[in-house]
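# no sequence on this one, just coordinates:
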Ligand SMILES: Nc1ncnc2c1ncn2[C@@H]1O[C@H](COP(=O)(O)OP(=O)(O)O)[C@@H](O)[C@H]1O
Ligand SMILES: [Mg+2]
């Protein structure tokens, strides 16, 4: 569950202040698949960073699973992300020295799983996104779509309460994009809460709610019937 | 959580090492090795120069504890009671008692046709000793360069220090060398020795050459001969060199001697206390110089590690951000860099340790550097080496940790987005 209250994010100070988020109020119940849309520069990524605790808002509240996260220090936010949140970046953000299964293992090891447990869990996660045959390939030996699926496997390995995905298909061709979206849809079907930024209406169609941002404000918020559900 | 931090830190550090350029890693390890060698060997050789001479001095002349005649006295009063005291003190492996006195030695007097010509004489110290016991304590027989070492039966024979002889004089040949020497002396030559009014002719038995000037400038006869020529009937000694048992602290022997009253009749010193001050100053100076040079090396290598880790971390800033982004703790990431620097110092110093103790120390012990005043060795006591290793490890860890910390501390999102 995500609650955002009067969220404001400004960059800079004084005369040159850029007001990126201008008071956003949102409530996303557990299990919902939300698509966030809007023009480039509308503030979508900035909103995602605030909700996923990667950044701190200028003012306002972010409440995740009934935990008020305002005023969390860096360490607390890191631990919270580890335990409760998954994040999928547009450019995959994999570690080049680690192979696919090792990339997925990192957060699991950090959570205290034994090496064997982590390996087992990471392998199953990769199989679930169709990469059972690529466990030991390094990111440079994988296609963009495969890398993004490794990134998804990493984000969901520890079963996060909320999965964030910021334009997960923007760097992919349409075939790979569809693979990724199918994974998202399957996750949602199992009850995963998902917040996904996308430019593509055909991918937003898989969500059950579409929120549109413009100039740092919510200009539309619609429920819809998710495609394929 | 701490255990997981360690585990993830190790894993990340290890993966980075494995995928780092072999050349860079090799080069850094090489630098660490040089640093450690520099840390240990430079001061070790500098100190070893002097230490070699101190050791020779101790081995061949004074022993670990040296008892001498007080200034102004002719000899050590009540020597027999001092000797009985020595016999009761624990920790003494052996000791040698010596009589000494001033003499004039003359050579080539038979060949001298012109009575007005300059006589070939030198003034020196004569030592009366028990050759067998002396050899047990000082191994002087190893330093015979011509002829043979004295035996107890050698009445009428003398052993000469090489520096008294023209052909061995360290200052060169001829009569203008600064101090007089005897010419044409070899084993079998005859010399005349004068003590006060008494003069006696001796046959040269052997020639002793060592780097201890006090020995190379003396002449040696048996105790019996000494008593005869010097007329020393009171049997009072002049010096006693005591060798401590292996591993026994000579300071304890000195303490026991002093407590038993030896101090009232003689001067009791540890070998080092008997050294001229300039030599002690030189040891300190060289050690300081060595440490100074090493410190510069230490700073240079710390900076090298610092730069390597800093550059490494800054080029990987995005990945550091991602790691934090997916929930890896800052300390695990910092640890991954500390582990890298730890590897550099571990491998580098392991190689250096091998070179020092496996190659250099044995080499210099077998082939001391031949200096005029000493046999230079490499002094690298294990305790000092460990201390230096600890310093190097700490310096390296800091040099790895600080830059990693600097980068890890930066804003996570900025790092991920590269802004
Ligand atoms: N660090 C920053 N400093 C100043 N302006 C920024 C910064 N980051 C983002 N912005 C501005 O905030 C606005 C929203 O950016 P962003 O959230 O990335 O948009 P979107 O993801 O919707 O394309 C943009 O106009 C961008 O220029
Ligand atoms: Mg964006």
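Now that the structure is in, tell me what you want to look at. Here the structure is a predicted model, which means the values were calculated and not measured. Numbers count the residues shown, from 1 in each chain, chains lettered A, B, ... in the order given. Ligands and ions are numbered 1, 2, ... in the order given.
# residue ranges in chain A under the pLDDT threshold?
A:229 (pLDDT under 70).
# that one: strands as residue ranges?
A:2-11, A:18-28, A:33-38, A:59-64, A:67-68, A:85-88, A:162-166, A:193-197, A:209-214, A:217-223 (DSSP state E).
# mean neighbour count, the ones you listed: which tops it?
strand A:85-88 (a mean of 26; mean count of other CB atoms under 10 Å in any protein chain shown). C-betas here are computed from N, CA, C, even on glycine.
# now the strands of chain A as JSON lines including distance to ligand 1?
Converted to JSON lines, the strands of chain A look like this (distance: least, CB to the nearest ligand atom, whole Å):
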{"stretch": "strand A:2-11", "distance to ligand 1": "3"}
{"stretch": "strand A:18-28", "distance to ligand 1": "4"}
{"stretch": "strand A:33-38", "distance to ligand 1": "6"}
{"stretch": "strand A:59-64", "distance to ligand 1": "15"}
{"stretch": "strand A:67-68", "distance to ligand 1": "23"}
{"stretch": "strand A:85-88", "distance to ligand 1": "14"}
{"stretch": "strand A:162-166", "distance to ligand 1": "7"}
{"stretch": "strand A:193-197", "distance to ligand 1": "7"}
{"stretch": "strand A:209-214", "distance to ligand 1": "7"}
{"stretch": "strand A:217-223", "distance to ligand 1": "12"}
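# quick one: the longest helix seen in chain A to chain centroid distance?
Using DSSP state H, we find that the single longest helix of chain A is helix A:174-189. Centre-to-centre, helix A:174-189 and its host chain are 14 Å apart (CA atoms, centre = their mean, to the nearest Å).
# check stretch B:308-328 too.
For stretch B:308-328, the distance to the chain centre is 49 Å (CA atoms, centre = their mean).
# list the buried residues in that stretch.
Residues of stretch B:308-328 classed as buried under the neighbour-count rule (16 or more other CB atoms under 10 Å in any protein chain shown) are B:308-310, B:312-313, B:316-317, B:319-328.
# of those, which belong to helices?
If you go by DSSP H, these have B:308-310, B:312-313, B:317, B:319-325 in helices.
# which ones among the residues you listed also lie next to chain A?
For chain A, the contacts drawn from these by CB under 8 Å from any CB of the partner chain are B:319, B:322-325.
# nearest to ligand 1, of those residues?
residue B:325 (15.8 Å; CB to the nearest ligand atom).
# pretty sure the closest one sits against residue A:54.
Yes: the pair residue B:325 and residue A:54 passes the contact test of CB atoms under 8 Å, sitting 6.1 Å apart.
# domain assignment for chain B?
B:2-58+B:278-417, B:93-236 (automatic domain parsing).
# quick check: mean pLDDT across the shortest one?
This points to domain B:93-236. Across domain B:93-236, pLDDT averages out at 87.
# how far does it stretch from one end to the other?
This stretch, domain B:93-236, spans 23 Å end to end (CA to CA, to the nearest Å).
# from the chain's centroid, how far away is it?
29 Å.
# over to stretch A:102-116?
Distance, centroid of stretch A:102-116 to centroid of chain: 19 Å (CA atoms, centre = their mean).
# may I have the predicted confidence score for the residue in chain B that ligand 1 sits nearest to?
Of all residues in chain B, residue B:419 sits closest to ligand 1, at 5.9 Å by CB to the nearest ligand atom. Predicted confidence (pLDDT) at residue B:419: the value is 83.
# so what's the residue count around it?
Other residues near residue B:419 number 7, with proximity taken as other CB atoms under 10 Å in any protein chain shown.
# and stretch B:282-298, how far from the chain's centre?
Averaging C-alpha positions (CA atoms, centre = their mean) puts stretch B:282-298 15 Å from its chain's average.
# alright, that wraps it up for me.
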